[in-house]
Each structure stands twice: as C-alpha cells, then as structure tokens.
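Asks: Only the shape, not the letters, is given here:
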C-alpha cells in the first residue's frame with residue numbers, strides 16, 4: 001500500500017513538474033515581441049498614413065506605444081494597453097498629422113515600442129531619425145489652351161519645384177506621369193493625357209506634384225470639350241463557321257480551353273482574354289522613353305478604307321443569343337491582302353509577338369508615353385528593341401487573332417490608355433495641340 005502511494009506521489013510530482021515547465025515555457029518566455037512597419041518612414045509630410053503590426057505568439061501583447069520625439073519632448077501618436085492575455089497580433093493604422101501634435105518642421109525621432117505579457121516583460125523597440133516637412137512643392141501651368149475631344153489626347157506643360165519626386169496629370173481617376181524636359185535650356189515637364197469617352201466640362205483634370213515627404217500640390221487645368229461624340233453602337237451577328245474556326249485556332253495556343261464548346265471558347269476569348277491582353281498592353285506602354293522620338297503627323301495606312309472607327313460599342317450575337325460585348329479601341333483599316341504596313345512614326349519597338357485577340361502585334365514606343373499598335377498582322381519584319389523610322393515597313397496586314405478577315409487594327413495609346421488615332425493622323429491637330437503649345441511654353445519660360 002505504502003509502495004503504491006509512493007508511486008502515486010511520484011507520478012503527481014512528475015505531472016506537476018511537467019505542468020510547471022509547460023507554464024514556464026508558455027508564460028515565462030524569453031522571446032521578444034515583433035514590430036513590422038508597413039512603410040518606410042524617413043520623412044513625414046503634412047500627413048503620414050501607415051500600418052504597424054505588433055505580434056507575440058507566445059505570451060501575447062501587453063501594450064504598445066508610438067511616439068515622436070522632438071527637442072527632448074515626447075508626443076504620443078498612438079498607445080494602447082491590453083488588460084488580459086489573448087492578443088497575439090495587432091495591426092494598427094496611424095494617421096500622423098504633425099501639425100495636430102504641435103510638431104514643427106525639422107528633425108525628429110520616430111519611436112515604436114511593444115511589451116509582451118511574460119513576467120520578464122520582453123520588449124521590442126524601433127527608433128528612426130526622421131525629418132518633418134510640411135511645405136508642399138510648387139507647380140505652375142505653362143500651357144494655356146486645352147481643347148479636348150471625347151476619347152482624344154491632350155498635352156499639358158508645367159514647371160515644378162526642385163523637390164518634386166513625382167508629378168503628372170490626374171484626369172478623373174487616371175494618373176499620367178509627366179516627363180522632364182528642357183525648353184530653351186530651362187527645366188519643365190510635358191505630360192500627354194487621354195480624355196475619357198464620356199468626358200464633360202465638369203471632369204476633374206489637374207496637374208499634381210508630390211515631394212519626398214508625400215506633400216502634394218495641385219493646379220487645375222482649364223479645358224474645353226470641343227464637342228460631344230456619338231460613338232456607334234452596333235450588333236454583330238456571328239456565323240457558326242467563324243466561331244468554330246476561331247475556337248480551333250485559339251485552342252491550339254491555350255490549353256485552358258480544352259473541354260470547352262466553341263461558344264464557351266468565344267465567350268472566354270472575348271471577355272477574359274480581351275481584358276488580360278489589354279492589361280498586357282497597358283503594362284508594356286509604361287516602359288517609355290523620357291524623350292520625344294516622333295515628329296510630325298502619324299502615317300495612316302495607304303489606300304485603306306476604314307472598316308470600323310474608334311469607340312464602336314459592339315454586341316455579339318449567335319442565333320439570337322447574346323454572347324458578349326466589346327469596345328473597339330482602334331481603327332480597322334483594309335486594303336489588299338497582306339498589304340505592307342508602315343511605322344506610323346519614328347520610335348522603338350517594345351513588342352513584336354503574338355498577343356491573344358490581337359494576333360501578331362507590333363507596339364512602337366514614340367517616347368513620353370505615346371505608343372502605336374499594329375494588330376492582326378500576317379508577318380512581322382521587326383523585333384523588340386529595334387529603332388524604326390517613320391514610314392519604315394514593319395510587317396503585312398493579316399487576319400491573325402480575333403480578326404474576321406485581312407485588315408490592320410491600328411491603335412494609338414497615351415500611357416497605356418487607348419485614344420482616337422484620327423487626331424494623330426491630322427497635321428493641323430499636331431500643330432495646334434502640340435507644336436503651338438511647346439512654342440507658347442518656350443515663350444513663357
């Protein structure tokens with residue numbers, strides 16, 4: 001009996017030791033909590049918004065503090081205490097406005113502290129030297145007359161102070177980066193931007209500039225919409241032969257189409273693939289030269305009839321069933337089969353390959369965000385990186401991609417946004433909206 005009792009005491013003792021050891025491991029731990037800053041913080045402007053994540057996966061978070069220190073005085077940005085264990089991770093968003101904290105411009109120290117629930121009070125600390133800068137940059141518009149057409153292009157010219165890190169034009173919700181240039185030896189910026197198809201005189205268009213501290217300045221661009229456009233809406237009735245042919249062509253290139261019916265393939269190509277291809281084009285056009293590579297009006301395909309204009313809204317049907325819609329973001333031009341295609345202006349080839357619905361496609365960068373696109377080609381005579389001159393033969397028209405017949409789909413783009421090519425083909429438009437503006441800016445500098 002005594003032996004059994006001793007064994008029981010021994011087992012209980014072992015259990016108690018294990019329990020105490022487990023509690024010590026879980027509660028009395030030596031591991032420091034973690035702090036993760038969601039953004040770099042070397043400069044703080046009029047306002048700094050950022051996320052900070054605190055974590056301690058063992059004993060949990062006891063408290064945290066976010067401070068700014070200037071001239072040996074502490075300013076609390078945010079602080080919190082957790083009275084009970086159980087908070088193992090916490091992400092907070094700080095909205096730091098130095099002016100509200102009565103902090104002046106100049107050097108300061110940004111401090112973040114966190115302590116865990118261990119009796120040892122393990123802690124972590126981040127301390128960073130920062131500069132408070134609440135003075136916004138300066139921006140001044142040089143160009144004056146901004147006449148735009150729905151779906152058209154426009155050029156703004158402006159100056160900005162030396163501390164500007166980023167600048168450009170914000171048209172509606174889209175930002176177009178400016179390009180630094182020198183006119184008459186003086187620094188300024190040129191920025192081409194696209195007008196939405198539904199642009200109104202009330203559309204917000206302004207030059208914006210941001211410095212290293214993320215302070216932003218803006219200047220409204222006065223503009224006038226020349227006239228509203230009635231873009232076409234039409235229904236395209238598709239035949240079974242076309243749908244089957246295109247389904248077969250695309251199935252050989254895209255394994256994900258296996259098992260789909262021809263109609264399902266058409267819907268996927270028109271909806272999903274079209275969006276993906278346009279995103280690819282937009283990304284490609286971000287890689288643009290800062291300098292202007294083109295000169296004069298762009299060349300329109302010779303002896304070609306316009307088969308479809310820019311801005312066409314199309315509804316596709318098959319046997320009275322609606323299969324989908326699309327917006328035509330170029331001009332379709334047709335001449336003879338496999339007609340020679342010229343580079344519309346001088347520039348650098350940034351893409352020459354198959355591009356989904358566009359088929360064999362060439363994209364030329366003309367600098368400062370301007371690009372031209374040539375789609376459905378039967379042959380391509382240039383490669384990526386090739387410098388081309390205005391009028392140089394770059395390929396032949398064809399029916400590759402989602403084309404129903406031999407033609408050239410020609411597009412113009414401004415920073416990856418499709419615009420109406422008609423303006424760029426017109427020497428009078430080029431003179432009034434580009435050359436004249438540059439001359440006026442030179443005189444204003």
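Replies: Cool, the structure landed. Everything numeric here is computed off the predicted structure, so don't read it as measured data.

Asks: any idea how far residue 40 is from residue 391?
Replies: For residue 40, the distance to residue 391 equals 48 Å [C-beta to C-beta, to the nearest Å]. In short, each C-beta sits where N, CA and C put it, glycine included.

Asks: Have a look at those two and say which one is more surrounded.
Replies: Comparing residue 40 with residue 391 by other C-beta atoms under 10 Å, the one with more neighbours is residue 391, at 13 against 8.

Asks: The more buried one contacts residue 299, doesn't it?
Replies: Yes: at 6.1 Å, residue 391 and residue 299 qualify as touching, with contact defined as C-beta atoms under 8 Å.

Asks: list residues touching both of these two?
Replies: Each of 342, 343 lies in contact with both residue 391 and residue 299 under the rule C-beta atoms under 8 Å, 6 or more residues apart in numbering.

Asks: residues contacting residue 94?
Replies: If a contact means C-beta under 8 Å, 6+ apart, then residue 94 has 48, 49, 50, 51, 52, 66, 77, 78 as its contacts.

Asks: Kindly report the same for residue 440.
Replies: Taking C-beta under 8 Å, 6+ apart, we find residue 440 in contact with 142, 143, 144.

Asks: Let me know the closest of these to residue 330.
Replies: residue 143 (27.4 Å; C-beta to C-beta).

Asks: my guess is the closest one meets residue 157, correct?
Replies: Yes: when contacts are counted by C-beta under 8 Å, residue 143 is listed as touching residue 157 (4.3 Å).

Asks: Could you name every residue contacting both of the two?
Replies: Common contact partners of residue 143 and residue 157 (C-beta under 8 Å, 6+ apart): 437, 441.

Asks: buried sites along stretch 390-400?
Replies: Neighbour-count burial for stretch 390-400, counted by 16 or more other C-beta atoms under 10 Å, picks out 390, 392, 394, 395, 396, 397, 398, 399, 400.

Asks: Actually, stretch 312-325.
Replies: 312, 314, 316, 318, 323.

Asks: Please point out which parts of the helix or strand harbouring residue 35 sit buried.
Replies: Under the criterion of DSSP states H and E, residue 35 resides in strand 34-37. For strand 34-37, burial by neighbour count (16+ other C-beta under 10 Å) applies to residue 35.

Asks: Likewise for stretch 195-215?
Replies: Of all the residues in stretch 195-215, those buried under the rule 16+ other C-beta under 10 Å are 195-197, 199, 205, 207-211, 213-215.

Asks: and it, how far apart are its ends?
Replies: 26 Å (C-alpha to C-alpha, to the nearest Å).

Asks: And the average pLDDT for that stretch is what?
Replies: Across stretch 195-215, pLDDT averages out at 93.

Asks: what about burial for the contacts of residue 94, which qualify?
Replies: 48, 50, 52, 66, 77.

Asks: Take those and keep only those in strands.
Replies: 48, 50, 52, 66, 77 (DSSP state E).

Asks: Bridge partners for the second one, pull those for me.
Replies: Pointing back at residue 50 there. Note on residue 50: beta-bridge partners residue 94, judged by DSSP bridges.

Asks: Please name the residues that touch it.
Replies: Under the criterion of C-beta under 8 Å, 6+ apart, the neighbours of residue 50 are 37, 38, 39, 41, 93, 94, 96.

Asks: just the fourth one next, same as before
Replies: For residue 66, the residues meeting the contact criterion (C-beta under 8 Å, 6+ apart) are 52, 76, 77, 78, 79, 92, 94, 111, 112.

Asks: Please apply the same query to residue 63.
Replies: Listed by C-beta under 8 Å, 6+ apart, the contact partners of residue 63 are 79, 80, 81, 82, 114, 115.

Asks: In which helix or strand does it reside?
Replies: Residue 63 is part of strand 61-70 when elements are defined by DSSP H and E.

Asks: Which residue ranges make up each domain of this structure?
Replies: With domains defined by automatic domain parsing, the chain comprises 34-132, 139-228+433-444, 233-414.

Asks: Quick one, which of the ones you listed gets closest to residue 424.
Replies: domain 233-414 (4.3 Å).

Asks: Kindly check the end-to-end length of the closest one for me.
Replies: 24 Å.

Asks: for that domain, what is the average pLDDT?
Replies: On average, the pLDDT along domain 233-414 is 95.

Asks: before we move on, what about stretch 122-139?
Replies: 95.

Asks: Can you tell me, leaving aside adjacent residues, what's nearest to residue 112?
Replies: For residue 112, ignoring the flanking residues on the chain, the nearest one in space by C-beta to C-beta, 6 or more residues apart in numbering is residue 126 at 4.5 Å.

Asks: Actually, residue 304.
Replies: Here the residue nearest residue 304, using C-beta to C-beta, 6+ apart, is residue 333, at 3.9 Å.

Asks: May I have the residues that are in contact with the one you found?
Replies: Contact analysis of residue 333 by C-beta under 8 Å, 6+ apart lists 300, 301, 304, 305, 306, 307, 407, 408, 410.

Asks: Among the buried residues of stretch 195-215, name the ones in helices.
Replies: Members of these lying in helices (criterion: DSSP state H): none.

Asks: May I ask which two of those residues are separated the most?
Replies: Maximum pairwise distance among the buried residues of stretch 195-215 (C-beta to C-beta): 36.6 Å, between 197 and 213.

Asks: for the contacts of residue 94, which one is nearest residue 151?
Replies: Once C-beta to C-beta is applied, the member of these that ends up nearest residue 151 is residue 49, at 35.0 Å.

Asks: about what we covered before: buried set for the strand holding residue 63?
Replies: Residues of strand 61-70 classed as buried: 61, 62, 63, 64, 65, 66, 67, 68, 70 (neighbour count, 16+ other C-beta under 10 Å).

Asks: Which pLDDT value belongs to residue 101?
Replies: Note on residue 101: pLDDT of 92.

Asks: Relative to residue 38, how far out is it?
Replies: Distance, residue 101 to residue 38, using C-beta to C-beta: 20 Å.

Asks: before we move on, back to that, now that we have the contacts of residue 63, which of them are buried?
Replies: Buried members of the contacts of residue 63, scored by 16+ other C-beta under 10 Å, are 114, 115.

Asks: my guess is residue 147 contacts residue 221, does it?
Replies: No: the criterion here is C-beta under 8 Å, and residue 147 misses it with residue 221 at 11.6 Å.

Asks: okay, those two: which has more neighbours?
Replies: Taking other C-beta under 10 Å, residue 147 and residue 221 do not tie; residue 221 has more neighbours (22 against 13).

Asks: and the residue lying closest to that one once chain neighbours are set aside, what does it touch?
Replies: Spatial nearest neighbour of residue 221, excluding adjacent residues (C-beta to C-beta, 6+ apart): residue 205 at 4.7 Å. By C-beta under 8 Å, 6+ apart, the contact list for residue 205 reads 146, 169, 170, 171, 172, 193, 220, 221, 223.
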